[in-house]
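1. mind looking at a prediction? Sequence and model below.
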Amino acid sequence: MIRNVVLVKLKPGQDSAEVADIQDEFRRLNCPGTLSYTIGSDLGLREGNWSFAIVADFANADAYRAYDRDSAHNRARARLAPLAEQIARTQFEVPRDPFL
């Protein structure tokens with residue numbers, strides 16, 4: 001399984017309704033091979049945190065690559081980009097649980 005983690009640091013003063021709408025656009029994505037997809041805004045429990053995170057699990061690297069090329073995904077990314085000060089991302093393999 002491939003896990004994709006994205007951290008977004010928004011520029012100051014972004015419209016929270018617009019950000020929520022973009023987050024919902026990401027939530028509506030329905031790409032084959034997606035096992036789970038979670039978006040959450042930072043709770044503000046610690047100073048200096050980033051604005052929100054996206055954590056998505058994919059069946060394999062090919063499913064992740066298809067998601068990365070997906071037109072709806074790229075439209076959502078294009079909406080988010082001008083609002084973001086920084087975006088960090090990583091993909092890594094999650095070992096299978098030997099007890100499942």
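-> Arrived safely, thanks for sending. Numbering: from 1, shown residues only.
2. against Phe58, how distant is the residue lying closest to Leu10 once chain neighbours are set aside?
-> Once flanking residues are discounted, Leu10 sits nearest to Ser51: 4.2 Å by CB to CB, 6 or more residues apart in numbering. For every residue, glycine as well, the C-beta is placed using N, CA and C. Separation of Ser51 from Phe58 (CB to CB, to the nearest Å) stands at 23 Å.
3. just Arg89 next, same as before
-> Arg89 is 13 Å from Phe58, by CB to CB.
4. and if you look at Asp68?
-> From Asp68 over to Phe58 the distance is 10 Å, taken as CB to CB.
5. which residues does stretch 28-46 contact?
-> Residues outside stretch 28-46 that contact it (CB atoms under 8 Å, 6 or more residues apart in numbering) are 1, 23, 26-27, 49-60, 62-64, 66-67, 70, 72-73, 76.
6. and with 7 Å instead?
-> Residues outside stretch 28-46 that contact it (CB atoms under 7 Å, 6 or more residues apart in numbering): 1, 23, 26-27, 49-60, 63, 66-67, 70, 72-73.
7. quick one: mean pLDDT for that stretch?
-> Mean per-residue pLDDT for stretch 28-46: 96.
8. with stretch 12-21 instead?
-> 96.
9. may I see the buried residues of that stretch?
-> Using 16 or more other CB atoms under 10 Å as the test for burial, stretch 12-21 gives Val19.
10. kindly check the end-to-end length of that stretch for me.
-> End-to-end distance of stretch 12-21 (CA to CA, to the nearest Å): 17 Å.
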